[in-house]
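Novice: Could you look at this predicted model? Sequence included:
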Amino acid sequence: MDDRQVNMLNSDDGDPAFKMALGRLPSAADLCSQSTISRLENRPDARALLRMGRAVIALYCASFRQVPQRIVLDIDDAFDATHDHQQLWLFNAHYDEYGFQPIIVFDGEGRFVAALLRPARRPSGREIASTCVAWSG
């Protein structure tokens, strides 16, 4: 999140539409403030992030009524431009911008499986393989 986005959180914490989107009444207490978001943004360590990634994959696997015979995975990277100094941002000469280049995984039906935020450089096959091994536990 860049500074502009974080600062905007101060003006949106009492927004009734955001409250309703989260299943709360418009009259409910305000949502978390910018300072709360700032504290939470860097709180998870690498181990916690890996557990969260595995939990997302477990939810995907649990979504099947019956175990499929096979699952086709579409593993892609995509450039995501940043706006201001952010952790992990790198300059990407191909896009002539600073940004991230996350690895995103969908199944053959187009359903989201997992994602990994990473610096803006093309991942090697070895990096993708090691990420998949880490996710599989």
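Specialist: Looks like it came in fine.
Novice: quick one: contacts for Q101?
Specialist: Neighbour list for Q101: 77-80, 90, 92, 118-123 [criterion: CB atoms under 8 Å, 6 or more residues apart in numbering]. (Glycine included, C-beta is placed from N, CA and C.)
Novice: Nearest to P16 among those residues?
Specialist: D80 (30.2 Å; CB to CB).
Novice: And for the closest one, nearest residue in space, chain neighbours not counted?
Specialist: Counting by CB to CB, 6 or more residues apart in numbering, D80 lies nearest to F100, which is 4.6 Å off, once chain neighbours are set aside.
Novice: Contact partners for the one you found?
Specialist: Neighbours of F100 in contact, by CB under 8 Å, 6+ apart: 79-80, 82, 86, 88-89, 117-120.
Novice: Serialize those to a markdown table and add fields for pLDDT, secondary structure and distance to A55.
Specialist: Shown next, in a markdown table, are the contacts of F100 (pLDDT from 0 to 100; DSSP: H, G, I helix; E, B strand; the rest coil; distance: CB to CB, whole Å):
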| residue | pLDDT | secondary structure | distance to A55 |
| --- | --- | --- | --- |
| F79 | 88 | coil | 27 |
| D80 | 88 | strand | 23 |
| T82 | 84 | coil | 26 |
| Q86 | 75 | coil | 25 |
| L88 | 72 | coil | 22 |
| W89 | 81 | coil | 26 |
| L117 | 82 | coil | 16 |
| R118 | 82 | coil | 19 |
| P119 | 79 | strand | 24 |
| A120 | 80 | coil | 26 |
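Novice: which residues of the chain fall in helices?
Specialist: Remark: helices assigned in the chain by DSSP state H are 3-12, 16-21, 34-41, 46-62, 125-136.
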